[in-house]
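**Q** build me a model from this:
(2 chains)
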Number of protein chains: 2
Amino acid sequence: MTMSESPVESKARAVREASGVLYDSSTAAKNRLLRAIMSRLRSRTPAVLAANRDDVEHARRGGLSSVLLDRLKLDEEGIRRILRGVRDVIALPDPVGRILETVRRPNGLKIEKMSVPLGAVGIIYEARPNVTIDAPVLCLKSGNAVLLRGGSEALNTNRVLAGTIRAALEDVGLPPGSVGFIDSTDRESVAEMLRQREFLDVIIPRGSSQLIGWVRENSAVPVIAHGEGNCHVYVDSSANLRRAEEIVYNAKVQRPSVCNAAEKLLVHEKIAKKFLPLVAAKLRSAGVELRCDPRALAFVPGGTPAAESDWRREYLDLIIAIKIVRDLRDAIDHINRYGSHHSDAIVTGSRANGERFLRSVDSAAVYVNASTRFTDGFEFGLGAEIGISTQKLHARGPMGLAELTTSKFIVHGTGQIRH
Amino acid sequence: MTMSESPVESKARAVREASGVLYDSSTAAKNRLLRAIMSRLRSRTPAVLAANRDDVEHARRGGLSSVLLDRLKLDEEGIRRILRGVRDVIALPDPVGRILETVRRPNGLKIEKMSVPLGAVGIIYEARPNVTIDAPVLCLKSGNAVLLRGGSEALNTNRVLAGTIRAALEDVGLPPGSVGFIDSTDRESVAEMLRQREFLDVIIPRGSSQLIGWVRENSAVPVIAHGEGNCHVYVDSSANLRRAEEIVYNAKVQRPSVCNAAEKLLVHEKIAKKFLPLVAAKLRSAGVELRCDPRALAFVPGGTPAAESDWRREYLDLIIAIKIVRDLRDAIDHINRYGSHHSDAIVTGSRANGERFLRSVDSAAVYVNASTRFTDGFEFGLGAEIGISTQKLHARGPMGLAELTTSKFIVHGTGQIRH
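**A** Sure thing, here's the model as predicted:
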């Protein structure tokens, strides 16, 4: 650390330096570290819970909403869940060193593409303190060093959790800079992190869309981020209507506050008269507000007119907007135009229509005859999830360990020169 | 186009709209378009050559350097080279619609990761007019629409070339907006292109490092770019010295002005006394300036002392800096610290040392016993090259058609809902 360097910059520099050690650490060494984290976390559980009680009490007095208090709270079951997560990651295959492609050239060169760590990853997050363990565990397993900046509400909890990781790094003889923790909660510390282009390879923001938007706009470091989820279910004319009803209900109601919940229902005009009253009754029974285009309104008792702005909105609430479409093409066009390219589903009895929907809807995840709620690293079998990307570059959809790697070409020669 | 929209914005909007049509175009339709481009280019060759003569004459009067004049000039052989390039791309497999991964989940969901077009690609380039055909051809084959903004020197040539593509699009009934051409050469038109985040998915700048740096700093659209190439050859103690001499000579001298030419020579201390005089004599015979660290200077007649700044510099010229290192670890550390993570090679007789170098050097391409000059889409067998990325996200190293795609998850269900 030079005299003029800020604490954030010196931590970013330490993370960069540690990344060189993690870059070619063996799978055994990385798993040893993760086991040491489990062990340290177990023995420090009382200290973590005590710090969390302080945070929760302080936040409650400060008037934090019950939703955010719920995210902030960490109890014994929460610690057990974190420990199970670490154990699961230990069991996952090492994403580094995989040969992704092999080419032999006429001149005898053997060219392989191999997965390697990204290097130094920045994570900016809000209330949930479990991220302080979950995110570094994924980064470390994939050979990356990581710089953490959590939310102010969870500062005491995060500080103790970061301490357990630091102790585990010492236990196994890895550089303490491998997991940096920014022990400051002012906005300026985030802004400074976003300027560490020299030391950080990527920043992954996790939290509210306000936070993510702000990071995206202001970061000099490349960002992998999660945008909104304005997800659709389209019910085709050939759909099994009972199945359609179940899928729509599940996609909307099972957990309305998450990004892969459905916000829009599109219905083929041929079945609207029959299907809409059924599905509307079922949704209404769960307290869902139904906002309808003029044609749908006729078939939805208790519906209200939708505004043009509804078609682009992510409600994250018990609200759904309903529209009658002329045909499959009309549905696809609507989704590509108004959607957020997150998760969209068709319910259909036609194989051809299903395939056309899968091919033409340009979203991170497209479904035939299943709920949009499955867009998730665990449900997709990745074994872990660092987030969901709605970007097109580098990673799209649920991100697991592989998405925390990049690649390099390794070339074996026998003296080849270029002519 | 609304009244308040600028020409750049309305072209970007048209590109975005056309991208929806290209997104699910068949391989046959895309190849038909590429054949139409060949046909139109053949019949308009005289007009292209005439426009190019105007550009060259104008640039000559304006005092453009001979290097840039050479890049600007397009003759009949140049047109034939472009046509051969289009034919090669027609023969390449369609990069869209490939199933990259398949998972079956216990609940019966079949989840596949499929390659799909990026969408709308912006290309910003300088003097070389062949890019006006080469880049769209790669983008179109991979299902992308493209917005072009070329350099002012080549404006007349580019205008005619863009016209041939527009005619070909009409021939096959695809939207004329599929390839937009910004017919303006002021800096503001580039700046405006960089703001089209709503309409463009990625921008690929091609040209000088000044241009690329400026685009990187100022773009609201994600950028895939090519940084500097400060490439190393490390000669290990066990190297075959004749082979080492050939590789070093080739990497430095064969084409010193390109990014994959070697700029640094690292030599193991055990063989420095024997190897350095040999290689120095050979390099000097080609007019290479030799800048040496204090220890190397003793073995390099005619060498001059290197400054600390030399270790980070990309010369793109007949200059090489030479350093003696203690061992393999010292060489790896030097390369990871001072290099640009582009292309680096080891010459060694030890298999273990070769593998350790490949694993631990964090560059886009790492070589054992071959010249760094092979880092190139054609040499790597990609069949085409849109550029070389020195970034870590999305694409790293030579970029072919596959790097102009992203992916989506397609999920086949039979009514699955989430519990």
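**Q** name the residues of the lengthiest strand in chain A that are buried.
**A** When chain A is parsed with DSSP state E, its longest strand is strand A:405-416. Going by neighbour count (16 or more other Cβ atoms under 10 Å in any protein chain shown), the buried part of strand A:405-416 is A:405-413, A:415-416. Where C-beta positions appear, they are placed from N, C-alpha and C, glycine not excepted.
**Q** quick check, nearest of those residues to B:K270?
**A** A:G415 (20.7 Å; Cβ to Cβ).
**Q** ok, for the closest one, nearest residue in space, not its chain neighbours?
**A** Once flanking residues are discounted, A:G415 sits nearest to B:R243: 4.5 Å by Cβ to Cβ, 6 or more residues apart in numbering or on different chains.
**Q** equivalent analysis for A:N218, please.
**A** A:L194 (5.3 Å).
**Q** what about chain A, any weak spots by pLDDT?
**A** Counting by pLDDT under 70, chain A contains low-confidence ranges at A:1-3.
**Q** run a quick neighbour tally on A:A384.
**A** Applying other Cβ atoms under 10 Å in any protein chain shown, we find 20 residues neighbouring A:A384.
**Q** show me what contacts it?
**A** Contacts were defined as Cβ atoms under 8 Å, 6 or more residues apart in numbering or on different chains; by that measure A:A384 touches A:85, A:88-89, A:92, A:138, A:377-378, A:400-401.
**Q** try 6 Å
**A** A:89, A:138, A:377, A:400 (Cβ atoms under 6 Å, 6 or more residues apart in numbering or on different chains).
**Q** gap between the residue nearest to A:H419 when sequence neighbours are not counted and B:R326?
**A** Residue nearest to A:H419 in three dimensions, not counting chain neighbours: B:Q254, with 7.9 Å by Cβ to Cβ, 6+ apart. As defined by Cβ to Cβ, to the nearest Å, B:Q254 lies at a distance of 30 Å from B:R326.
**Q** partners of the residue in the stretch 51-200 of chain A that chain B sits nearest to in the sheet?
**A** Closest residue of the stretch 51-200 of chain A to chain B, Cβ to the nearest Cβ: A:V103 (4.7 Å). Assessed by DSSP bridges, A:V103 has beta-bridge partners A:I111.
**Q** if we take the buried residues of strand A:405-416, which one ends up nearest to B:I271?
**A** A:G415 (16.9 Å).
**Q** the closest one against B:A244, yeah?
**A** No: with contact defined as Cβ atoms under 6 Å, A:G415 does not count as touching B:A244 (9.1 Å).
**Q** domain ranges for chain A?
**A** As assigned by automatic domain parsing, chain A contains the domains A:7-226, A:231-374.
**Q** can you give me the end-to-end distance of the first one?
**A** Think domain A:7-226. 28 Å (Cα to Cα, to the nearest Å).
**Q** so A:L358 touches A:A365, yeah?
**A** No: look at A:L358 against A:A365 with Cβ under 6 Å: they stay out of range, at 10.2 Å.
**Q** of these two, who's got more company?
**A** Remark: of A:L358 and A:A365, A:A365 carries more neighbours, 28 against 21, as counted by other Cβ under 10 Å.
**Q** could you pick out the residues of the stretch 201-350 of chain A near chain B for me?
**A** Neighbours of chain B within the stretch 201-350 of chain A, by Cβ under 6 Å from any Cβ of the partner chain: A:201, A:222, A:243, A:246, A:250, A:254.
**Q** tell me which two of the residues you listed sit farthest apart.
**A** Going by Cβ to Cβ, the pair spanning those furthest: A:D201 and A:R243, at 44.7 Å.
**Q** thinking again about what came up before, which strands and helices sit next to the longest strand of chain A?
**A** Where contact means 3 or more Cβ pairs under 6 Å, 6 or more residues apart in numbering or on different chains; DSSP states H and E, strand A:405-416 is packed against strand A:110-117, strand B:365-370.
**Q** now what about that strand, what contacts it?
**A** Residues outside strand A:405-416 that contact it (Cβ under 6 Å, 6+ apart) are A:95, A:107-118, A:142, B:243, B:358, B:364-370, B:392, B:396-397.
**Q** just stretch A:330-348 next, same as before
**A** Residues outside stretch A:330-348 that contact it (Cβ under 6 Å, 6+ apart): A:227-236, A:238-239, A:244, A:247, A:260, A:266, A:311-312, A:325, A:354, A:357, A:360-369, A:372, A:375, A:390.
**Q** cool, stretch A:265-277 as well?
**A** A:232-237, A:241, A:248, A:299-300, A:320, A:322-326, A:331.
**Q** go again with 8 Å.
**A** A:232-237, A:239, A:241, A:244-245, A:248, A:252, A:279, A:295-296, A:299-301, A:320-328, A:331, A:334-335.
**Q** thinking again about what came up before, now render the domains of chain A as JSON lines, adding distance to B:D134.
**A** What follows is the domains of chain A, written out as JSON lines (distance: least, Cβ to Cβ, whole Å):
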{"stretch": "domain A:7-226", "distance to B:D134": "22"}
{"stretch": "domain A:231-374", "distance to B:D134": "26"}
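**Q** looking at those domains, which is nearest to B:D186?
**A** Using Cβ to Cβ, the nearest of the domains of chain A to B:D186 is domain A:7-226, at 26.2 Å.
**Q** how about the helices in chain A?
**A** Using DSSP state H, the helices of chain A run over residues A:7-23, A:27-43, A:45-61, A:66-72, A:76-91, A:131-141, A:155-172, A:187-193, A:209-218, A:241-253, A:269-285, A:294-297, A:328-338, A:351-360.
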